[in-house]
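Enquirer: Quick one, structure for this:
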Amino acid sequence: MIQIVVLLMLWISNGNNTQEKDAILGVWLADDRLSKVQMYETEGKYHGKVIWLKHPTENGKPVLDKHNENTQLRDKPVMGLILLKNFSYQANFVWNGGTVYDPRSGKTYSCKLSLRNRTQLDVRGYIGNPIFGKTVTFTRVEE
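Expert: So this is what the prediction gives:
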């Protein structure tokens, strides 16, 4: 009987953990309101790609990743670009170990994601230590 209770408790706690891990999934409006990012999971890692731009074209052509430090990637469109990469769920609605790419500067930073509540996601980019970084808040898009 005790084994059944223990297995049931493990199954229930794993279900809650899955709900917490996947709470980040969905579409988020960036803090500047100029882009939307789709958060998705692949093989246990969480990523975010640009799925909407307020201004998707420049001079009639798609906006390109023209500031990328890798010159070979500067002709790639920003639409569809994966900005948030390789996050792992830690606990308490926090994802660590990933990076955030800023197409305005062409720089990539270490990053931590924290779900403040169901509709607000804090994205903290930093170099070295999270204390030395900047946080922006994305807002969930209800579809």
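
Enquirer: which intervals of the chain have sub-threshold pLDDT?
Expert: Along the chain, segments meeting pLDDT under 70 span 1-16.

Enquirer: so where does the residue nearest to residue 36 when sequence neighbours are not counted fall, helix or strand?
Expert: For residue 36, the nearest residue in space outside its immediate sequence neighbours is residue 52; the separation is 3.9 Å by Cβ to Cβ, 6 or more residues apart in numbering. For glycine as for every other residue, the C-beta is placed from the backbone atoms N, C-alpha and C. Taking DSSP states H and E as the definition, one finds residue 52 inside strand 45-53.

Enquirer: those strands in this protein, which residues are they?
Expert: Per DSSP state E, the chain carries strands over the ranges 26-29, 35-42, 45-53, 57-58, 61-62, 82-91, 94-102, 107-117, 120-126, 133-140.

Enquirer: which one of these lies closest to residue 75?
Expert: Relative to residue 75, the nearest member of the strands of the chain by Cβ to Cβ is strand 61-62, separated by 10.0 Å.

Enquirer: So which elements touch that closest one?
Expert: Under the contact criterion of 3 or more Cβ pairs under 8 Å, 6 or more residues apart in numbering; DSSP states H and E, strand 61-62 touches no helix or strand at all.

Enquirer: Outside of that strand itself, which residues are in contact with it?
Expert: Around strand 61-62, the neighbours that count as contacts under Cβ atoms under 8 Å, 6 or more residues apart in numbering are 56, 77-79.

Enquirer: Not counting residues beside it along the chain, what's closest to residue 50?
Expert: In space, residue 50 comes closest to residue 81 once its chain neighbours are excluded; the distance is 5.0 Å by Cβ to Cβ, 6+ apart.

Enquirer: Surely the one you found and residue 106 touch.
Expert: No - Residue 81 sits out of contact with residue 106 when judged by Cβ atoms under 8 Å, with a separation of 11.6 Å.
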